[in-house]
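>>> Build the 3D model from these lines:
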Amino acid sequence: MVGVLRNFELNDPDVGHLRCLLHGPVGAGKSSFINSVNNVFQGRITSGALVAAASGTSFTKTYKTHYIKNGNARLPFAFNDVMGLEAQENGMQPKDLINALKGHLPEGYKLFHSIISSTGIPQVVVMTMPDKACVLVDSDVKRIYTSKAIKEKMQTCSNELGVPMNCMLPVKNYHEEEMLDDDMDIRILNAMTQIMNFANDYIWDLQQHA
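Presented below is the predicted three-dimensional model:
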């Protein structure tokens, strides 16, 4: 699966990179997911996206692009990390979220309060921390495939957000681990493959209606 993504070809080479905008609640594991993906491709624990201890407020304060290395080159996809969604006026502004989705925010842009608006851009839900939702997964991450508790969480999330079940991607991020784990890597790679395929399909569809 790593080889597939290392050799991933864009439907429109002029796009340069498929950009994944990560948004969600504070402490959901957005920055940890970026690091987890980078870990898999680097074959080691990395910390390119800084992660804060649980504090209730967002650690990410600026709009930043995180590229994934492939040797000395970049893979054709990147992440944009934004502030967590907060109940207080500390998160991201609606206009900022829309501009980020359109790729109009400059690097280093300071982020503020937000709500979420739907767009035609593909959306998936990366469900982090499955080990907190199921004791079986906590003891063996492979149980993520068969856990009834995880399946119920996926269905609930799908119903509430209006996102299809095949777009619900449970993943255990690297957080406290000191070494890589093959079972964790498989879920991370599966999620990335789904995300990249959906994004590439979207680019192809735009071309057909240009």
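
>>> For the rest of this, base every contact and every neighbour count on C-alpha atoms.
Fine.

>>> T156 - how many residues pack around it?
By the criterion of other Cα atoms under 10 Å, T156 has 13 neighbours.

>>> Give me the next element, helix or strand, following the worst-scoring helix or strand of the chain on mean pLDDT.
Lowest mean confidence among the helices and strands of the chain (mean pLDDT, DSSP states H and E): helix 94-101, at a mean of 58. Once the chain leaves helix 94-101, the next helix or strand it forms, by DSSP states H and E, is strand 125-127.

>>> List the buried residues in that following strand.
For strand 125-127, the buried set under the neighbour-count rule, 16 or more other Cα atoms under 10 Å, comprises 125-127.

>>> Show me what T65 bridges to in the sheet.
Beta-bridge partners of T65, counted by DSSP bridges, are N80.

>>> contacting residues for it?
Applying Cα atoms under 8 Å, 6 or more residues apart in numbering, we find T65 in contact with 78-81, 107.

>>> Filter these down to the buried ones, ChimeraX style.
To isolate the buried ones among the contacts of T65 in ChimeraX, judged by 16+ other Cα under 10 Å, type:
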select :78,79,80,81
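
>>> Save the contacts of T65 as TSV, and put in pLDDT and distance to R6 too.
Shown next, in TSV, are the contacts of T65 (pLDDT from 0 to 100; distance: Cα to Cα, whole Å):
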residue	pLDDT	distance to R6
A78	91	13
F79	90	16
N80	83	19
D81	76	22
E107	66	25
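
>>> In terms of distance to R143, which of the contacts of T65 ranks first?
The closest of these to R143 turns out to be F79 (Cα to Cα; 27.9 Å).

>>> Now the longest helix that the chain contains: buried residues?
Taking DSSP state H as the criterion, the chain has its longest helix at helix 182-208. Buried residues in helix 182-208, counted by 16+ other Cα under 10 Å: 184-189, 191-200, 202-203.

>>> Stretch 151-164 now?
Those would be 151, 153-155, 157-158, 163, for stretch 151-164 by 16+ other Cα under 10 Å.

>>> who touches M1 in this structure?
Counted by Cα under 8 Å, 6+ apart, M1 has contacts 186, 189-190, 193.

>>> Using JSON lines, lay out the residues you listed together with pLDDT.
Shown next, in JSON lines, are the contacts of M1 (pLDDT from 0 to 100):
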{"residue": "I186", "pLDDT": "94"}
{"residue": "L189", "pLDDT": "95"}
{"residue": "N190", "pLDDT": "94"}
{"residue": "T193", "pLDDT": "94"}
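
>>> Of these, which is the nearest to A210?
Nearest to A210 among the contacts of M1, with distances taken as Cα to Cα, is T193, at 25.8 Å.

>>> Which residue, other than its chain neighbours, is closest to the residue positioned nearest the centre of the chain?
Nearest residue to the geometric centre of the chain (Cα atoms, centre = their mean): L22, 5.2 Å. Leaving aside its sequence neighbours, L22 sits nearest to D81 (Cα to Cα, 6 or more residues apart in numbering; 5.4 Å).

>>> give me the low-pLDDT residue ranges for this protein?
49-63, 82-114, 116-119 (pLDDT under 70).

>>> again, 50 this time
86-88, 112-114, 116-117 (pLDDT under 50).

>>> Burial check on K64, number of neighbours?
Using other Cα under 10 Å, K64 is surrounded by 18 other residues.
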